[in-house]
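**Q** Generate a structure from the sequence data that follows.
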Amino acid sequence: MAKLTTREKLLTAGLETLHKRGFNATGVQDITDAAKVPKGSFYNHFESKDALGVEVVGRYAAMGAARRQALVDGSGPPLARLRAHFKGLNQLGPATGFSRGCLLGNFSTELATQSPAIRAAVEAAFDDWTRVIAQVIAEAQEAGDVPRDLPADTLAGFLLNAWEGAVMRSRVEKGPAALDAFLAVTFNKILT
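**A** Next comes the predicted model:
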């Protein structure tokens, strides 16, 4: 196994720490302590905490893109793949005691007016995710499984927004009810 570079340690620790604690509640010292590197080394690799934040969003988005590969390339009907995608995401909540949520949603509510660079990175990640969902919804529309009265990209944006809201609510309630309701309404009412 290859030894991690200092930069890689900082990115890995940054993703974990920022996701767990939030951007504003985490200092550079917290990140370097988690990475087990000297604080001074941070600025050899990142111009600022915002610069790290942009790269953390990119890393998180890449992890999500890998998870979405089955959504696009998987076998089975498109709606079944879409349901499996969201059902899999919903399992992440209980694994963390509903304490973390989605990093993209967290950063969007915490940093949208504070950091233009992070806001742009989050927006790009949401746009990519929406495009993938829209592609699968369009497949379902072509198969006749989803009505065509709304464009696939409109439905995809709505679903992602609704899911992000359900994730926030699940954090407040410390339980799966909002996520379960999202699945039930989406696949029993919206996409039928």
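**Q** Past the helix or strand bottoming out on mean pLDDT in the chain, which element shows up next along the chain?
**A** The weakest-scoring helix or strand in the chain, judged by mean pLDDT, DSSP states H and E, is helix 92-95 (a mean of 84). Toward the C-terminus, helix 92-95 is succeeded by helix 103-111 as the next helix or strand (DSSP states H and E).
**Q** Next, the angle from the helix or strand that that following helix is followed by to helix 103-111.
**A** Using DSSP H and E, the helix or strand that follows helix 103-111 in sequence is helix 116-142. Taking axes from the mean of the first three to the mean of the last three C-alpha atoms, to 10 degrees, helix 116-142 and helix 103-111 form an angle of 140 degrees between their directions.
**Q** Would you mind putting the CA coordinates of the helix or strand that helix 116-142 is followed by into PDB?
**A** The helix or strand immediately downstream of helix 116-142 is helix 152-173, counting by DSSP H and E. Only the C-alpha atoms of helix 152-173 are listed here, as PDB (Å, rounded to 0.1, in the frame of the first residue of the first chain):
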ATOM      1  CA  ALA A 152     -36.900  14.800 -17.100                       C
ATOM      2  CA  ASP A 153     -34.500  17.600 -16.000                       C
ATOM      3  CA  THR A 154     -37.300  19.400 -14.100                       C
ATOM      4  CA  LEU A 155     -38.300  16.100 -12.300                       C
ATOM      5  CA  ALA A 156     -34.600  15.400 -11.600                       C
ATOM      6  CA  GLY A 157     -34.000  18.800 -10.000                       C
ATOM      7  CA  PHE A 158     -37.200  18.400  -7.900                       C
ATOM      8  CA  LEU A 159     -36.200  15.000  -6.700                       C
ATOM      9  CA  LEU A 160     -32.700  16.000  -5.700                       C
ATOM     10  CA  ASN A 161     -34.000  19.100  -3.900                       C
ATOM     11  CA  ALA A 162     -36.700  17.000  -2.100                       C
ATOM     12  CA  TRP A 163     -34.100  14.400  -1.100                       C
ATOM     13  CA  GLU A 164     -31.700  17.000   0.300                       C
ATOM     14  CA  GLY A 165     -34.600  18.500   2.300                       C
ATOM     15  CA  ALA A 166     -35.500  15.000   3.600                       C
ATOM     16  CA  VAL A 167     -31.800  14.600   4.600                       C
ATOM     17  CA  MET A 168     -31.900  17.900   6.600                       C
ATOM     18  CA  ARG A 169     -35.200  16.900   8.300                       C
ATOM     19  CA  SER A 170     -33.800  13.500   9.200                       C
ATOM     20  CA  ARG A 171     -30.900  15.200  10.900                       C
ATOM     21  CA  VAL A 172     -33.200  17.300  13.000                       C
ATOM     22  CA  GLU A 173     -35.500  14.300  13.900                       C
END
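**Q** Quick check: which helices or strands does helix 152-173 pack against?
**A** Applying 3 or more C-beta pairs under 8 Å, 6 or more residues apart in numbering; DSSP states H and E, we find helix 152-173 packed against helix 78-90, helix 103-111, helix 116-142, helix 177-185. Where you see a C-beta, it was placed from the backbone N, CA and C, and this is true even at glycine.
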